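Undergrad: below is the structure, and that's it, no one-letter string:
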Ligand code: NAD
């Protein structure tokens, strides 16, 4: 039986640590406030936004919600961001993605003040990550690092293969693993012999958005497998990019879906909210 990496437990542990820090800040008169903006009523986005507000409540942050209609213009959204950038009582600003097609996501993400960019999407914060400066960390990849560390899985010197090169997961994941002294290979849809490359991994991180594609034939005996993928199957059940049952027989540790990487993303977002206090100092 492999070690099952329990993201639910670890994320609660992190949120409880943040709760204690938020309480001590409150005693010093410092309140952390997150502004969450949603444009339109995409049901999945509404669930994510609700969960983020709930996490704020749990930890003791305040959250302000801006639910804007689908037909909001880019200019209107930029104006709201500008107001929130200048509002000293707002520490973090989050724009829930995806945005409606008539709004350019890049323009919007670049308009958020880098000091309030809790998703760590602004090019300045991405650049800081690449050169190893302290600051915000991208939530999902940072969550993976916490899962490994808090499960006592050694990263330094290990062969790490990442499947996926997106700006949200794959690329920043590679940077964080490099920071932890892993030897990192990034693979993607044009990689030749993906199976052979993956079989070299001591730690295999899968973020390809292909339901249950990675089976045991991609995994070295005793490897650690982290599944970032989230999908709903035909029976409306959640599954990942990894064929859990087959891979679990071969690996030494694995994250389940649900209950693995998923809960960590919000916990790390909350950590970035607290980080705004340091960034703003
Ligand atoms: P994306 O679609 O932006 O990127 C997918 C990447 O996988 C691409 O770089 C592509 O080159 C690569 N890829 C696709 N098919 C491949 C193949 N056959 N072989 C090798 N590489 C292939 O997706 P993303 O935003 O990086 O997300 C990846 C998955 O993680 C999705 O299932 C998404 O829902 C999930 N996700 C989960 C969380 C979380 O909180 N757990 C957060 C973000 C994304």
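TA: Arrived safely. All values reported here derive from a predicted model rather than from experimental measurement.
Undergrad: beta partners for the residue lying closest to residue 64 once chain neighbours are set aside?
TA: When the adjacent residues along the chain are set aside, residue 64 lies closest to residue 35, with 4.7 Å between them (Cβ to Cβ, 6 or more residues apart in numbering). From N, CA and C alone the C-beta is placed, and that goes for glycine too. Per DSSP bridges, the residues bridged to residue 35 are residue 64, residue 93.
Undergrad: tell me how far the residue positioned nearest the centre of the chain lies from residue 75.
TA: Centroid check for the chain by Cα atoms, centre = their mean gives residue 140 as the closest residue, at 1.8 Å. Using Cβ to Cβ, to the nearest Å, we find residue 140 at a distance of 30 Å from residue 75.
Undergrad: same check on residue 252?
TA: From residue 252 across to residue 75, the span is 53 Å (Cβ to Cβ).
Undergrad: the more surrounded of the two?
TA: Residue environment comparison for residue 252 versus residue 75 gives the larger neighbour count to residue 252, 15 against 9, counting by other Cβ atoms under 10 Å.
Undergrad: need the contact list for that one.
TA: If a contact means Cβ atoms under 8 Å, 6 or more residues apart in numbering, then residue 252 has 2, 3, 222, 223, 224 as its contacts.
Undergrad: for it, grab phi and psi.
TA: Its backbone dihedrals place residue 252 at phi -100, psi -20, with angles given as degrees, to the nearest 10.
Undergrad: test my guess that residue 261 contacts residue 147.
TA: Yes: under the criterion of Cβ atoms under 8 Å, residue 261 is in contact with residue 147, at a separation of 6.9 Å.
Undergrad: overlap of the contact sets of those two?
TA: If you check residue 261 and residue 147 against Cβ under 8 Å, 6+ apart, the residues they both contact are 7, 226, 255.
Undergrad: narrow those residues to those in strands?
TA: With DSSP state E as the criterion, strands contain residue 226 from among the shared contacts of residue 261 and residue 147.
Undergrad: possible to save the shared contacts of residue 261 and residue 147 as TSV with neighbour count, pLDDT and distance to residue 61?
TA: Shown next, in TSV, are the shared contacts of residue 261 and residue 147 (neighbours: other Cβ atoms under 10 Å; pLDDT from 0 to 100; distance: Cβ to Cβ, whole Å):
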residue	neighbour count	pLDDT	distance to residue 61
7	27	98	21
226	27	99	28
255	28	98	26
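Undergrad: now do the end-to-end distance for stretch 84-103.
TA: Using Cα to Cα, to the nearest Å, one end of stretch 84-103 lies 18 Å from the other.
Undergrad: please check the contacts of residue 252 and keep the buried ones.
TA: Burial of the contacts of residue 252 was assessed by neighbour count (16 or more other Cβ atoms under 10 Å); the buried members are 2, 223, 224.
Undergrad: hmm, the last one is touching residue 205, no?
TA: What that stands for is residue 224. No: under the criterion of Cβ under 8 Å, residue 224 is not in contact with residue 205, lying 9.0 Å apart.
Undergrad: can you give the domain ranges for the protein?
TA: Per automatic domain parsing, the structural domains of the chain span 30-114, 139-262.
Undergrad: first vs last residue of the shortest one, how far apart are they?
TA: Its first and final residues considered, domain 30-114 spans 20 Å by Cα to Cα.
Undergrad: do it and the ligand meet?
TA: No: applying Cβ under 6 Å from any ligand atom, one finds domain 30-114 separated from the ligand by no less than 9.1 Å.
Undergrad: before I go, just wanted to say thanks for your time.
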